[in-house]
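Participant: My questions concern the predicted model and sequence given below.
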Amino acid sequence: MASCNMMFVIQLDRPAPGQPWQALRAAAAFDPSVSAAEGEYPDGRGASVMLINARREHPYLPVSLPREDFMQKALARWKELSLPALDLKTPWHGYPLSEWTEENASEAELAVTGRYFDTGNKLAKRREGT
């Protein structure tokens with residue numbers, strides 16, 4: 001039975017090439033059985049390590065921002081409450097990421113108006129027996 005008895009999460013801000021792997025190997029060295037020479041493990045049972053470099057290859061644009069009409073209403077409310085001025089950066093609201101069908105748009109509208117069960121009922125009617 002395998003178990004994971006040690007886990008490290010390392011966050012690097014704009015790392016240089018190779019730096020993530022250096023950090024991962026350094027973290028793995030905290031387990032003496034991993035850093036032992038010639039594969040000889042101190043406890044006789046051994047260990048394993050999985051190193052994952054999840055570094056972004058390039059900066060990604062924000063993709064989960066609410067659509068423009070919601071953000072405009074939020075901005076108006078912000079100003080109405082006399083809250084401190086915002087320093088908005090583009091994009092400050094959502095934008096289309098792909099081609100939506102008319103059906104996708106209507107299902108999204110049902111969701112934001114609280115009628116998401118209508119979509120579920122429609123999809124349930126499409127079920128086919130097996």
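Facilitator: Okay, I see it.

Participant: Please work out which residues outside the host helix or strand of D69 touch it.
Facilitator: According to DSSP states H and E, D69 maps onto helix 68-80. When contacts are defined by CB atoms under 8 Å, 6 or more residues apart in numbering, helix 68-80 is touched by residues 65-66, 86, 88, 92-95. Quick note: C-beta positions are derived from backbone N, CA and C, even for glycine.

Participant: quick check, nearest of those to E103?
Facilitator: Closest approach to E103 among the contacts of helix 68-80 (CB to CB): G94, at 19.1 Å.

Participant: nearest residue to L24 other than its sequence neighbours?
Facilitator: In space, and not counting its chain neighbours, L24 is closest to L51: 4.3 Å by CB to CB, 6 or more residues apart in numbering.

Participant: ok, that neighbour touching A23?
Facilitator: No - counting by CB atoms under 8 Å, L51 does not reach A23; the two are 9.6 Å apart.

Participant: So between those two, which is more surrounded?
Facilitator: A23 (17 against 12; other CB atoms under 10 Å).

Participant: what about that one, which helix or strand?
Facilitator: Per DSSP H and E: helix 19-28 holds A23.

Participant: If you count neighbours, what's buried in that helix?
Facilitator: 20, 23-24, 27-28 (16 or more other CB atoms under 10 Å).

Participant: Minimum pLDDT in these, which residue is that?
Facilitator: Comparing pLDDT over these, the lowest score belongs to A28 (71).
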